[in-house]
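Chemist: Below are the sequence and a predicted model for it; my questions follow.
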Amino acid sequence: MATVEELAARAVRLASDNAAAGQLPFGALVVRDGEVLATGVNTALRDRDPAAHAEVTAVRAACAAVGEVHVTGAIVVSSCEPCAICHAVAATAGVERIYYAAPKEWVPDLGYPAPPVHGELLVSMQRLFREAAPDQIVHVPTEGADEPFRRYLEGRA
């Protein structure tokens, strides 16, 4: 059975590959009882979908794979600290814990087309989620966790 550290490294590889494909540099896995139910990458740019974050796409795929609207008892392992959208979807789907490789402070300006007027609101929402469930999100130091960001920025140059 893979360790959380190995799963975090896999999420980082997914994010790096996604960045190399010109998409935003985020990847995630949904795992239950040692089995990877699904993976996901951020497809927001490609799909013009502001909710197509890696964790959301992974949870959607995991629910489809198990034929349920929840994945109770699963964990999400992400390449980066989840935003409020991702945290809310994971909680709604019954995810027990979210592990992440890169802290949000490591994310550079990616030129993401989000409206700047809501930036502080999103930060506040993320903080509220963390305060409401402080044990649900766990940082897993992962070598190379910043690589997807570098790859994405190099591809835009």
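Modeler: That came through, no problem.
Chemist: Quick check: which ranges of this structure have low pLDDT?
Modeler: 112-119 (pLDDT under 70).
Chemist: longest helix in it, by residue count?
Modeler: Looking across the chain with DSSP state H, the single longest helix is helix 4-20.
Chemist: in that one, what's buried?
Modeler: 7-12, 14-16, 18-19 (16 or more other C-beta atoms under 10 Å). Using the backbone N, CA and C atoms, a C-beta is placed for each residue, glycine as well.
Chemist: What of stretch 150-157?
Modeler: Buried, per 16+ other C-beta under 10 Å, within stretch 150-157: 151-152.
Chemist: how far does that stretch sit from the chain's center?
Modeler: Stretch 150-157 sits 19 Å away from the centroid of its parent chain (C-alpha atoms, centre = their mean, to the nearest Å).
Chemist: With stretch 10-20 instead?
Modeler: Distance, centroid of stretch 10-20 to centroid of chain: 11 Å (C-alpha atoms, centre = their mean).
Chemist: Now do the longest helix of the chain: everything it contacts.
Modeler: Residues outside helix 4-20 that contact it (C-beta atoms under 8 Å, 6 or more residues apart in numbering) are 2, 24-29, 31, 36, 39-42, 54, 75, 77-80, 99-102, 140, 142-145, 147-149, 151-152, 155.
Chemist: Give the other helices and strands that the next helix or strand along the chain from it contacts.
Modeler: Per DSSP states H and E, the first helix or strand lying C-terminal to helix 4-20 is strand 27-32. The contact analysis (3 or more C-beta pairs under 8 Å, 6 or more residues apart in numbering; DSSP states H and E) places strand 27-32 against helix 4-20, strand 35-41, helix 54-66, strand 75-80.
Chemist: tell me the angle the longest one makes with strand 35-41.
Modeler: Meaning helix 4-20. Using axes from the mean of the first three to the mean of the last three C-alpha atoms, to 10 degrees, the direction of helix 4-20 lies 30 degrees away from that of strand 35-41.
Chemist: Please apply the same query to the last one.
Modeler: Counting by the same axes, to 10 degrees, strand 75-80 points 30 degrees away from the direction of strand 35-41.
Chemist: Using PDB, list the CA coordinates for strand 75-80.
Modeler: Extracted C-alpha coordinates of strand 75-80, given in PDB (Å, rounded to 0.1, in the frame of the first residue of the first chain):
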ATOM      1  CA  ILE A  75      -8.800  10.800   1.500                       C
ATOM      2  CA  VAL A  76      -7.800  13.300  -1.100                       C
ATOM      3  CA  VAL A  77      -4.100  13.800  -1.800                       C
ATOM      4  CA  SER A  78      -3.400  17.000  -3.700                       C
ATOM      5  CA  SER A  79      -0.400  18.600  -5.200                       C
ATOM      6  CA  CYS A  80      -1.300  21.900  -3.500                       C
END
